[in-house]
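# What follows is a predicted structure for the sequence shown.
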Amino acid sequence: MRAKELFAPTLREAPSEAEVVSHKLMLRAGYIRRLASGLYTLMPLAIRVLKKIERIIREEMDGQGGQELLMPIMQPAELWQESGRWDVYGPELFRLKDRHNRDFALGPTHEEIITVLVRGEVSSYKQLPLLLYQIQNKYRDERRPRFGLMRGREFIMKDMYSFDRDEEGLNKSYTQMHKAYTSIFQRCGLNFRVVEADSGAIGGSDTHEFMVLAESGEGTVLFCSRDECGYASNVEKAATVFKADKAAEDLRDLVMLETPGKRTITDVSQYLDVPPQNIIKTLLFETEKEIVAALVRGDREVNETKLLNVLGCLRLELAENETVRTVTGVSAGFAGPVGLKNTRIVADPEAAAIVNGVCGSNREQYHFININPGRDFTMDIIRDIRMVKSGEPCPRCGAELREAKGIEVGQIFKLGDKYSKVLGATYLDESGQSRHMIMGCYGIGVTRTMAASIEQNHDQDGIIWPAAIAPYQTVVIPVSSKDEVQVELAREVYNRLAAAGIEAVLDDRPERAGVKFKDADLIGYPLRITIGAKAVAEHKPEVRVRSTGEVKMVPMENMENQILGILQDL
RNA sequence: CGGGAUGUAGCGCAGUUUGGCUAGCGCGCUUGCCUUGGGAGCAAGAGGCCGGGGGUUCGAGUCCCUCCAUCCCGACCA
């Protein structure tokens, strides 16, 4: 490709709409342009990267026995109604009507479609297992699209679905995918971690996320500081270790004390001279069916994902101040668990174990001291509902946990019979018995993976692509576009690279050297081959490695092999 | 959806407080000269419904109302 013809308009300054590095660089280097919030055009450079990633994905999927297909983006509402997700999925589902006023959805995921397809076509155990996947646009009406390709409303996803006869088969498929995913992200040159996760709206039992480690990540992962242990989890899922340590002191009588204006844990702690660990924090949450009170220790935070799972509800929100007042009779800050009516109380084990503690009294400007859970109020559920922080013990081995930010690029789920049951996907086993297929699903955010790679691989000057997914491996730059000899040598190098199957761009634009260098760095070619006076004199093109800045003069004789060698070592 | 901010040329911004004549700057773009190892220089140009609509006023980029769009924080999210 000649740079004169390459449609990659670069910008000196990043548009103000961009906040994170990958977004800024993709705009500046001419990879993407925004059409509307969360909607982007992928330009030629981006498409090349995308195809590289897709190719790696296809190879690994096919390698595990996957078969590619393509399902419609537009899906009839009936299927979603049949699975129950038309109502459950919420406003994130893009909905539209056709001219006959029939309801449709733009697929955010394809469990319904694939299950119905397989339901119709597979009826015998002999046809299983089946691994089907597609790479296709997905639609989610995000409440808040952001960070460019990282969280768009339209994005490209690889989704695979496995159909097995039983749990054992599912476990095998799941393990295969775990392996394939690891290989995919390794080949993409990403530094990632596999973590235990929550399954959210997709449902099912086991699930793991593949998180690319990056400061800009929207997710938080916790992992064990002992490498041999290997425990790693999304913070949403990370289990706490509860130990009832101190010997219980005698229970003292409950007393109500005036605590004027002391609403926060810090205020109350200082005012009453009680450590936050001995205060019960009471938070009211509203779900689609009830109001509940969640109790955690004063120095802890509620983990809403855990709470949602404990309650088995679909929606969970911190209650509005108005609601708090209606339920408890006081404003937030003085609410407590004593005397609550028609409100279930969910306590974290740590909160439940507090002895002679402090909590809100449900009387304005008063707190209780010497509160004792169980004696002074009853708890409906005692379960782990709090956030884990770095520094806490690993639930598997007890060593210290560390924390990191990550971008979720893939997630794998054991769905079990969740969809096959509601949609009636069955097969006949050897004994002629009808059984539900056991399913798994496995997603990779392809466009997000591209963005994640940039988050992890860049410097002040621009993108530094891993060779495996770079849009082109090399750029050939004649320093002076007016110097016939340089231009001629550059052309020769370019032609020979092309003949050797090495992707190259020839920067034949009549620009000054600096401009071409800057663009090369910005776009992120792994290798830059400069043809200047020195290269001409010695007949040795100068090869510069983008990631290290290392420069090497390469004789023309076996140039191709040397360059291939350098690329391989990257 | 709640809070905050911003919309002026392709991109980055000034001008809006205190209304005033043909709306500016840098980059980019076009043409010419010159230059060619890290976003050169000179000269001449092109490019604007000042986000849309409504109002106040002799006069609105500037004031008022309203709508829209975009971004940030939060809530939310395979």
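Received it, and whenever you're ready, just let me know what you need. Numbering: from 1, shown residues only, chains lettered A, B, ... in the order given.
# Make sure residue A:327 is indeed in a strand.
No - secondary structure of residue A:327 (DSSP: H, G, I helix; E, B strand; the rest coil): helix, not part of a strand.
# Just the pLDDT for it.
With respect to pLDDT, residue A:327 has a value of 84.
# With residue A:203 instead?
67.
# Is it correct that residue A:546 is in contact with residue A:523?
No - assessed by CB atoms under 8 Å, residue A:546 is found out of contact with residue A:523, at 9.6 Å. (Glycine included, C-beta is placed from N, CA and C.)
# Tell me how confident the model is about stretch A:44-54, as a mean pLDDT.
The average pLDDT for stretch A:44-54 rounds to 97.
# got the buried residues for that stretch?
Using 16 or more other CB atoms under 10 Å as the test for burial, stretch A:44-54 gives A:45, A:46, A:48, A:49, A:50, A:52, A:53, A:54.
# tell me the phi and psi of the residue nearest to the second one when sequence neighbours are not counted?
With sequence-adjacent residues excluded and distances taken as CB to CB, 6 or more residues apart in numbering, residue A:46 is closest to residue A:31, at 4.0 Å. Main-chain dihedrals, residue A:31, degrees, to the nearest 10: phi -90, psi -40.
# so what's residue A:216 up against?
Residues near residue A:216 by CB atoms under 8 Å, 6 or more residues apart in numbering: A:20, A:21, A:22, A:147, A:150, A:405, A:407, A:455.
# Closest one of the residues you listed to RNA strand B?
Taking CB to the nearest atom of the strand as the measure, RNA strand B lies nearest residue A:147 of the contacts of residue A:216, at 5.5 Å.
# which residues does the nearest residue to that closest one once chain neighbours are set aside contact?
Spatial nearest neighbour of residue A:147, chain neighbours left out: residue A:20 (4.7 Å); criterion: CB to CB, 6+ apart. Listed by CB under 8 Å, 6+ apart, the contact set of residue A:20 reads A:147, A:148, A:150, A:216, A:455.
# just the residues you listed: which has the poorest pLDDT?
Ranking the contacts of residue A:20 by pLDDT, residue A:216 lands last with 85.
# So in terms of bridging, what pairs with the residue nearest to residue A:551 when sequence neighbours are not counted?
Of all residues not flanking residue A:551 in the chain, residue A:544 sits nearest, at 4.9 Å (CB to CB, 6+ apart). In this structure, residue A:544 bridges to residue A:528, residue A:551 when assessed by DSSP bridges.
# number of nearby residues for residue A:544?
Counted with other CB atoms under 10 Å, the neighbours of residue A:544 add up to 19.
# For it, which residues are in contact?
Neighbour list for residue A:544: A:527, A:528, A:529, A:530, A:550, A:551, A:552 [criterion: CB under 8 Å, 6+ apart].
# mind checking how far the fifth one is from RNA strand B?
Counting by CB to the nearest atom of the strand, to the nearest Å, the gap from residue A:550 to RNA strand B is 11 Å.
# What pLDDT is listed against that residue?
96.
# Same question for the one 4 residues further on.
In this model, residue A:554 is scored at 96, pLDDT.
# Give me the distance from the host helix or strand of residue A:534 to the chain's centre.
Following DSSP states H and E, one finds residue A:534 within helix A:533-538. Relative to its parent chain, helix A:533-538 has a centroid offset of 49 Å by CA atoms, centre = their mean, to the nearest Å.
# and stretch A:297-316 with RNA strand B, contact?
Yes - using CB under 7 Å from any atom of the strand, stretch A:297-316 reaches RNA strand B at A:304, A:305, A:308, A:315, A:316.
# got TSV for those residues, with neighbour count, pLDDT and distance to residue A:423 too?
Formatted as TSV, the residues of stretch A:297-316 next to RNA strand B follow (neighbours: other CB atoms under 10 Å; pLDDT from 0 to 100; distance: CB to CB, whole Å):
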residue	neighbour count	pLDDT	distance to residue A:423
A:304	17	88	30
A:305	18	88	26
A:308	19	87	24
A:315	12	79	24
A:316	18	84	27
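# of all those residues, which two lie farthest apart?
A:305 and A:315 (12.6 Å; CB to CB).
# ok, the residue minimising distance to the centre of chain A - contacts?
For chain A, the residue nearest the mean C-alpha position is residue A:408 (1.8 Å; CA atoms, centre = their mean). Counting by CB under 8 Å, 6+ apart, residue A:408 touches A:209, A:210, A:211, A:217, A:218, A:219, A:445, A:448.
# so of those residues, which ones are in strands?
A:209, A:210, A:211, A:219, A:445 (DSSP state E).
# If we check RNA strand B, which of these are in contact?
Near RNA strand B, by the rule CB under 7 Å from any atom of the strand, you find residue A:445 out of the ones in strands among the contacts of residue A:408.
# how about residue A:80, what does it touch?
Residue A:80 makes contacts with A:86, A:89, A:93, A:105, A:112, as judged by CB under 8 Å, 6+ apart.
# Now for the residues you listed: which two are most distant?
Largest pairwise distance in those, by CB to CB, is 11.4 Å, between A:93 and A:112.
# what does the stretch 1-150 of chain A have sitting close to RNA strand B?
A:10-17, A:19-20, A:28, A:34, A:36-38, A:92, A:108-109, A:138, A:140, A:142-147.
# partner residues bridging residue A:132?
residue A:67, residue A:161.
# pLDDT score assigned to it?
98.
# all strands for the stretch 401-550 of chain A, in order.
Assigned by DSSP state E, counting those that start in this stretch, the strands in the stretch 401-550 of chain A fall at A:401-416, A:426-428, A:434-436, A:438-445, A:458-459, A:462-463, A:474-478, A:504-506, A:527-531, A:542-545.
# Can you lay out those strands as a markdown table showing mean pLDDT?
What follows is those, written out as a markdown table (pLDDT from 0 to 100):
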| stretch | mean pLDDT |
| --- | --- |
| strand A:401-416 | 93 |
| strand A:426-428 | 97 |
| strand A:434-436 | 97 |
| strand A:438-445 | 96 |
| strand A:458-459 | 94 |
| strand A:462-463 | 96 |
| strand A:474-478 | 97 |
| strand A:504-506 | 97 |
| strand A:527-531 | 98 |
| strand A:542-545 | 98 |
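# Mutual contacts of residue A:546 and residue A:523, please.
Counting by CB under 8 Å, 6+ apart, nothing touches both residue A:546 and residue A:523.
# Identify the bridge partners of residue A:2.
residue A:506.
# can you pull the contacts of it?
Contacts of residue A:2 by CB under 8 Å, 6+ apart are A:505, A:506, A:508.
# Residue A:1 is in contact with the last one, correct?
No - contact criterion CB under 8 Å: residue A:508 and residue A:1 do not qualify, at 10.2 Å.
# Next, the contact list for the residue in the stretch 301-450 of chain A that RNA strand B sits nearest to, please.
RNA strand B sits closest to residue A:443 of the stretch 301-450 of chain A, with a gap of 2.8 Å, by CB to the nearest atom of the strand. Counting by CB under 8 Å, 6+ apart, residue A:443 makes contact with A:109, A:157, A:158, A:159, A:160, A:410, A:411, A:412.
# And the residues you listed, which is closest to residue A:487?
For these, the nearest to residue A:487 is residue A:158 (42.6 Å; CB to CB).
# Let me know the distance separating that closest one from residue A:50.
11 Å (CB to CB, to the nearest Å).
# Mutual contacts of those two, please.
Going by CB under 8 Å, 6+ apart, residues that sit against residue A:158 and also against residue A:50 are residue A:446.
# What is the neighbour count of the residue lying closest to residue A:60 once chain neighbours are set aside?
Closest residue in space to residue A:60, ignoring its immediate chain neighbours: residue A:180 at 4.3 Å, by CB to CB, 6+ apart. Around residue A:180 there are 24 other residues, counting by other CB under 10 Å.
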